[in-house]
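Peer 1: Next input, structure requested:
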Amino acid sequence: MALLAVDGAHVTVRVETNDEERRFTSGPRLSAQRMIDKLLPLVDDWQFDRVRIGVPAHSPDRPRS
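Peer 2: This next block holds a predicted model:
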């Protein structure tokens with residue numbers, strides 16, 4: 001399964017069956033379209049049929065640690 005992780009500074013992608021990570025710089029001006037434009041060439045040689053997306057965010061139902 002492919003994993004797409006977005007944090008404040010980078011977008012990181014990896015496949016669970018491989019230790020290799022690929023990343024690019026994100027930031028406050030990264031739109032959804034720009035993310036896709038940067039992401040697709042980065043993974044064009046990978047095969048996957050599902051994607052799991054993790055985005056760090058505050059949940060109002062949980063106290064901050």
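Peer 1: worst-scoring helix or strand of this structure, pLDDT-wise?
Peer 2: Within the chain, no helix or strand scores below strand 2-6, which has a mean of 68 by mean pLDDT, DSSP states H and E.
Peer 1: Quick check: what element follows that strand along the chain?
Peer 2: strand 10-15 (DSSP states H and E).
Peer 1: The next helix or strand after that next one pairs with which strands, parallel or anti?
Peer 2: Downstream of strand 10-15, the first helix or strand assigned by DSSP H and E is strand 21-25. Sheet pairing for strand 21-25, assigned by DSSP bridges, gives strand 10-15 (antiparallel).
Peer 1: average pLDDT for the strand it pairs with?
Peer 2: Strand 10-15 carries an average pLDDT of 84.
Peer 1: Which parts of it count as buried, going by neighbours?
Peer 2: Going by neighbour count (16 or more other C-beta atoms under 10 Å), the buried part of strand 10-15 is 11-15. Placement of C-beta: from N, CA and C, glycine included.
Peer 1: likewise stretch 41-55?
Peer 2: Applying 16+ other C-beta under 10 Å to stretch 41-55 flags residue 43 as buried.
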